[in-house]
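Visitor: one predicted model, sequence on top.
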Amino acid sequence: MDLQLRGKTSLGVMLAQKLNGEVISSDSMQIYKEMNIGTAKPTKEEIKNIPHHLIDFVSPDEEYNVSKYKEDALKTINDILSRGKVPIIVGGTGLYINTLVNGIEFSDIEKDEEYTSYLEKISKKEDGVDTLYKMLQEVDPESAKVIEKNNVRRVIRALEIFKVTGRKKSDLDIESRKETPYEYLVYGINWDREELYDRINRRVDIMLNDGLVDEVKKLSNKYNISKTALQGLGYKEVIEYLEGKASYEEMVEKIKTESRRYAKRQMTWFKKTPGIIWLDGKDVNSMVEKITNDYIGE
RNA sequence: GGCGCCAUGGCCAAGCGGCUAAGGCAGAGCUCUGCAAAAGCUUGAUCCCCGGUUCAAAUCCGGGUGGCGCCU
């Protein structure tokens, strides 16, 4: 892909070169193998022999989540540090970065698929949403206050946690907050909104040109793609197109729109990341310089 | 030139005389601890213009403007 459109990727590589570091991805989709074009996964040429971790290691038919990420990332961070190098975490999944920055430690919670699918069934009934919310209010009123009734997914998760652990999600959340075990610097790349959207549109065109449709075709023939992998932006839209539910043009527009909205949500998310320092995306070299100076000054 | 149809927020679109003009999409803002490239929340108009009928009009009548279709 056009180097101009690789904001985070190229910055990560440059920093690693300068600071004797290795890159850890924090991208919930680049973890998947064989999902390359749609996730804009960095290529061998791009990473220039800089080790990249937590990329390309999960099968598309497997599910993955924050808790696993936290565990994998922590292990990798410690490994890199033990070798005297600098871990450089690069990626756009705010939730994943959040758990590292805020030192959240997840407790072991088993899954109870039978129970959740039972709850999902309820949610589809008439007034099911209200029913579930009432259940949550009885069992864990604190969580009910924080979670919106219509956010069925989170209501179900809170109920599941109570069923499996016998404890309230609201309590577990408080207990999970630990001291961050290392020092860190966080940076966000800032773009003019118009410019950002223009870059996104161009990037989507390139993906399609590079064979996104083919990639998805192959994937869906080979795998029963997991719930998480299927959420990848671009993938679900191409599948709709392949199933004849949308025209090619509709698909393209949908991917672009959804990508723009995703970028917007990212901005909202990172705005409140504690200690975040914003950099101007237009000038890679000055970004590298700024971060390097900050790091040495520590 | 004649006849017919249409004209509601950026786009699509309900409404057919009487509560503060549905809804969807986009946009903007936001929430966020186990599917997060996900899920959810908040947010906008007096209805093309002018005149008339009526206690009351986006909704009826007349004229104008614009668009679409047909005819000569």
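Guide: Happy to help now that I have it.
Visitor: list the contacts for the residue at the greatest distance from the centre of chain A?
Guide: Centroid-distance maximum for chain A: A:E126 at 32.8 Å, with CA atoms, centre = their mean. For A:E126, no contacting residues are found, by CB atoms under 8 Å, 6 or more residues apart in numbering. All C-beta atoms are positioned from the backbone trio N, CA, C, and that covers glycine.
Visitor: any idea how chain A splits into domains?
Guide: Domain ranges of chain A: A:3-105+A:179-297, A:113-176, per automatic domain parsing.
Visitor: endpoints of the last one, how far apart?
Guide: Yep, that's domain A:113-176 we're talking about. End-to-end distance of domain A:113-176: 23 Å, with CA to CA, to the nearest Å as the criterion.
Visitor: neighbours around A:I147, how many?
Guide: Each residue near A:I147 was counted by other CB atoms under 10 Å, and the total is 21.
Visitor: and the gap between it and A:W269?
Guide: A:I147 is 18 Å from A:W269, where distance means CB to CB, to the nearest Å.
Visitor: how about the residues of the stretch 151-298 of chain A by RNA strand B?
Guide: By CB under 7 Å from any atom of the strand, the residues of the stretch 151-298 of chain A that approach RNA strand B are A:151-154, A:156-157, A:169, A:172-174, A:176-177, A:193, A:227-228, A:231-234, A:257-258, A:260-262, A:264-269, A:271-272.
Visitor: so of those, which ones are in helices?
Guide: Mapping those onto helices (DSSP state H) picks out A:152-154, A:156-157, A:169, A:172-174, A:176, A:193, A:227-228, A:257-258, A:260-262, A:264-269, A:271.
Visitor: can you tell me which of these are buried?
Guide: A:V152, A:I156, A:R157, A:K169, A:L172, A:T228, A:E258, A:R260, A:Q266, A:W269 (16 or more other CB atoms under 10 Å).
Visitor: in the stretch 101-250 of chain A, which spans are helices?
Guide: Per DSSP state H, counting those that start in this stretch, the stretch 101-250 of chain A has helices spanning A:113-124, A:128-139, A:141-146, A:152-165, A:169-176, A:193-209, A:212-222, A:227-230, A:235-242, A:248-271. These are given in chain order.
Visitor: which residues does the fifth one contact?
Guide: This means helix A:169-176. By CB under 8 Å, 6+ apart, the surrounding residues in contact with helix A:169-176 are A:104-107, A:140, A:142-143, A:146, A:157-158, A:161-162, A:165.
Visitor: who's in contact with the residue most central in space within chain A?
Guide: The centroid of chain A falls nearest to A:T93 when counting by CA atoms, centre = their mean (3.0 Å). By CB under 8 Å, 6+ apart, the contact list for A:T93 reads A:S26, A:D27, A:S28.
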